[in-house]
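In: any chance you can model this:
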Amino acid sequence: MSKEVLIFMHTEEDAPGYFEKFLQHRSIPYRLIHSYKDEIIPQLDDSIAGLVFMGGSMSVNDDIDWVSTEINLIKQALSSGIPILGHCLGGQLISKALGQKVVKNSVDELGWHPCFRIDENSSDWLTNIPDTFMMFHWHNETFTIPPEGKPLFSSEFCKNQAYSYGDNVLAMQCHVEITEPLLRDWVERHQHHLNKTSSSEQNGEQMLKPVVENVRALNQIAEQLYIRWLKTVSL
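Out: Next up, the predicted model:
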């Protein structure tokens, strides 16, 4: 039986972005699951090589059927040793499955803000990644990290940006998957919500002005993180 990576989407706009390019470049089989369209969420079986969860505008604390179904699937995958990767809402889903809280962040964090390595826990997840690097953010909630989790990097406005759990689980609050087309789509869709600026919030113009340079650098960060995660995936 051939195996594939399952990618769970939670809104039309929260696409896999660079992660999908990463898989395509390596000819790795994958399938998109549109949870928000009430597609049937597969049962865990031997055909699943890994689970990947994208972002979304909802909260993991919302009473949504597919949210609780995905959390239960993550719990099963954790018990079965299936590799799991989470982006933003996806990272929060992993944390919830691990019994952690997802709460309001102290501020909304939107736009390009630097992240900082937590050196004592970086291990091989952050190989070839500099001590400080630019990251894209779009969230107003944050997860807590399980006692067994190892924090990997942080930002000025949100302490818990990413952690590893065991050898094959990576949960991220940030959007390492962002691409230029994806970001331009988000800005166009949400322009009416991007009229407030602060130290932690950028408007659409501020997000797009450095987009080419920042996305190019971020793709390199994503490549390193995805390569490390893929090492744990058995195809």
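In: for this protein, which residue is closest to the average position?
Out: His87 (1.0 Å; CA atoms, centre = their mean).
In: for that one, which residues make a bridge with it?
Out: His87 forms beta bridges with Met172, as assigned by DSSP bridges.
In: let's see the pLDDT reported for it.
Out: Looking at His87, its pLDDT reads 98.
In: same deal with Thr127?
Out: Note for Thr127: predicted pLDDT of 88.
In: how about it, secondary structure?
Out: Recorded secondary structure, Thr127: coil (DSSP: H, G, I helix; E, B strand; the rest coil).
In: quick one, phi/psi of it?
Out: phi -60, psi 130 (degrees, to the nearest 10).
In: name the nearest residue to it, ignoring sequence neighbours.
Out: Gln224 (6.3 Å; CB to CB, 6 or more residues apart in numbering). C-beta here means a position set from N, CA and C on the backbone, and glycine is covered the same way.
In: what about Trp138, distance to Asp185?
Out: According to CB to CB, to the nearest Å, Trp138 stands 12 Å off from Asp185.
In: quick check: which ranges of the chain have low pLDDT?
Out: Residues of the chain meeting the criterion pLDDT under 70: 1, 120-122.
In: on that earlier part again, which parts of the helix or strand the residue nearest to Thr127 falls within are buried?
Out: Per DSSP states H and E, Gln224 falls inside helix 211-230. For helix 211-230, burial by neighbour count (16 or more other CB atoms under 10 Å) applies to 211, 214-215, 218-219, 221-226, 228-230.
In: please consider this matter closed, and thank you.
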